[in-house]
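Asks: pasting the sequence and the predicted coordinates here, then a few questions.
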Amino acid sequence: MKEKLTNIIKKVCTKEIMFYAIFGVLTTVINLGVFYVLSDLLNWNENVSNVIAIIIAVLFAYFTNKDLVFHSEAKTLKAKWKEFAKFISGRAFTMVIEWVGGALLFLTPMPQMISKLIVTVVVVILNFFISKFFAFKKSKS
């Protein structure tokens with residue numbers, strides 16, 4: 001039993017996943033921080049605040065994921081643009097999920113920040129798989 005648990009931990013705790021988790025936490029802090037400033041301190045509409053927070057967090061995530069987590073292999077300008085387009089399209093997909101999820105949860109009596117945090121955790125997990133297997137997919141050579 002102990003050996004099985006150790007093997008599972010070794011598979012899950014790779015350098016890539018650990019770095020993704022660290023930068024995922026930082027991306028989440030940026031996302032939540034911008035949302036808090038805009039919605040709570042500046043009293044902007046929570047949906048507008050949410051979209052702006054997501055955009056800023058996505059740009060931060062792109063640069064950290066490209067260089068520090070998945071170690072982009074894109075060399076040419078064309079390859080870099082293609083990779084960026086894939087990353088952004090993946091994030092656009094999860095941005096819709098985050099926006100719709102946030103809008104729905106904001107209608108509940110749950111505190112806004114709790115609603116935002118729940119949706120953000122789901123989106124971070126989805127984003128890992130989209131980044132690894134779509135945007136920054138390694139060549140088979």
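Replies: Nice, I can see it. Numbering: from 1, shown residues only.
Asks: what lies in contact with the helix or strand hosting residue 129?
Replies: For residue 129, the host element (DSSP states H and E) is helix 112-130. Contact with helix 112-130 is made by 17, 20, 24, 27-28, 31-32, 35-36, 39, 46, 50, 61, 90-91, 93-94, 97-98, 101-102, 105-106, 108, as judged by Cβ atoms under 8 Å, 6 or more residues apart in numbering. Where C-beta positions appear, they are placed from N, C-alpha and C, glycine not excepted.
Asks: could you identify the buried members of those?
Replies: Buried positions within the contacts of helix 112-130, assessed by neighbour count (16 or more other Cβ atoms under 10 Å), are 20, 24, 27-28, 31-32, 35-36, 39, 46, 50, 61, 90-91, 94, 98, 101-102, 105-106.
Asks: can you pull the pLDDT of the residue nearest the centre of the chain?
Replies: Nearest to the mean C-alpha position of the chain, by Cα atoms, centre = their mean, lies residue 124 at 4.1 Å. Per-residue pLDDT puts residue 124 at 81.
Asks: report the angle between the helix ranked longest in the chain and helix 112-130.
Replies: Of all segments of type helix in the chain, defined using DSSP state H, the longest is helix 77-106. In terms of direction (axes from the mean of the first three to the mean of the last three Cα atoms, to 10 degrees), helix 77-106 departs from helix 112-130 by 150 degrees.
Asks: packing partners of helix 77-106?
Replies: Counting by 3 or more Cβ pairs under 8 Å, 6 or more residues apart in numbering; DSSP states H and E, the packing neighbours recorded for helix 77-106 are helix 46-64, helix 112-130.
Asks: weakest of those helices by average pLDDT?
Replies: Among the helices and strands packed on helix 77-106, helix 112-130 scores lowest, with a mean of 89.
Asks: compute the inter-axis angle for it and helix 46-64.
Replies: 40 degrees.
Asks: list the buried residues in helix 112-130.
Replies: 112, 115, 116, 119, 120, 123, 124, 126, 127, 128, 130.
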